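Q: Could you work out the structure for the sequence below:
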Amino acid sequence: MSSQPIWYTETEMLIRGTSVCRDRLSDECFSNLTEYLFKTIDNPTETSAEHTASDIETLQNDSQLNEQDFKLALQTLAYLVRRSLKFMLKPSTLQSDLRNRLLLDENKSNILVKHWIQATKIILDSLKPSEGDRGSEGSASNQLADVSWKVRAQLSSEPRQKDKLALGQLELKTTKKAINLELNSTEIVDFYNQLERIQAELDSLKSKA
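A: This is a model prediction of the structure:
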């Protein structure tokens, strides 16, 4: 059994969307759209709503797609961007899945991976302590201080479903900031499995020391 996380759910809409991205978007337009999403996804304070609408209109005009196809391409890439940022992936795994499972061509797979690497590097760099945050012995002061969690329910987003979805809210508090995660039951299992793999690797390195 593969130890790699399943970071996306394959649906008919996802396959149609990746087909539009592959066959009907130029590499330049694909790159611009992907870069825009990595910069703005889950970051509502990045730009105003008016600015965002203007940016989206410009991207659509550049894509030369009709409104329906552009919306499908945008939703597809937004999903892939959001999911890729939720999982601890290797670049080679991400690239392989994009090419071999989602059937993006090599250029567009490389483009998405490039922007993903840039985005994750920014996130990791933001977690590095500055010189002023280091102790007298040079150790980082931004350490995990507390973990809290709670479960809440929300109505399904599907209009024909009235079931409530259970979501786990996990808060990781460090000495500098708080990181909030909202996960459904499947994502919690995936997250737990990733932590187990990390623990296994740490134990392996410790035994070799």
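
Q: Helix or strand: which one has Leu59?
A: Assigned by DSSP states H and E, Leu59 belongs to helix 49-63.

Q: And the very next helix or strand once past that helix, what does it pack against?
A: Next in sequence after helix 49-63, counting helices and strands by DSSP H and E, comes helix 67-86. Packing partners of helix 67-86 (3 or more C-beta pairs under 8 Å, 6 or more residues apart in numbering; DSSP states H and E): helix 12-24, helix 27-40, helix 49-63, helix 106-127. C-beta here means a position set from N, CA and C on the backbone, and glycine is covered the same way.

Q: buried sites along helix 67-86?
A: Residues of helix 67-86 classed as buried by neighbour count (16 or more other C-beta atoms under 10 Å): 69-70, 72-74, 76-81, 84-86.

Q: Can you name the next helix or strand after the helix or strand containing Ala166?
A: Following DSSP H and E, one finds Ala166 within strand 164-174. As assigned by DSSP H and E, the chain's next helix or strand after strand 164-174 is strand 178-183.

Q: Okay, buried residues for that following strand please.
A: For strand 178-183, burial by neighbour count (16+ other C-beta under 10 Å) applies to Leu183.

Q: Identify the neighbouring strands of it in the sheet and state each direction.
A: Next to strand 178-183 in the sheet, as set by DSSP bridges, lie strand 164-174 (antiparallel).

Q: quick one: the partner strand to chain centroid distance?
A: Chain-centre distance of strand 164-174: 17 Å, with C-alpha atoms, centre = their mean, to the nearest Å.

Q: What lies in contact with stretch 54-62?
A: Under the criterion C-beta atoms under 8 Å, 6 or more residues apart in numbering, residues 29, 32-33, 36, 47, 67, 70, 74 lie in contact with stretch 54-62.

Q: Ok, stretch 186-197 next?
A: Stretch 186-197 is contacted from outside by 3, 5-7, 86-88, 168, 181, 183, using C-beta under 8 Å, 6+ apart.

Q: Dump the C-alpha coordinates for that stretch into PDB.
A: Extracted C-alpha coordinates of stretch 186-197, given in PDB (Å, rounded to 0.1, in the frame of the first residue of the first chain):
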ATOM      1  CA  THR A 186     -11.400  12.100   6.300                       C
ATOM      2  CA  GLU A 187      -8.900  14.900   6.600                       C
ATOM      3  CA  ILE A 188      -8.300  14.200  10.300                       C
ATOM      4  CA  VAL A 189      -7.500  10.600   9.500                       C
ATOM      5  CA  ASP A 190      -5.100  11.800   6.700                       C
ATOM      6  CA  PHE A 191      -3.500  14.300   9.100                       C
ATOM      7  CA  TYR A 192      -3.100  11.600  11.800                       C
ATOM      8  CA  ASN A 193      -1.500   9.200   9.300                       C
ATOM      9  CA  GLN A 194       1.000  12.000   8.300                       C
ATOM     10  CA  LEU A 195       1.900  12.600  11.900                       C
ATOM     11  CA  GLU A 196       2.500   8.800  12.300                       C
ATOM     12  CA  ARG A 197       4.800   8.800   9.300                       C
END
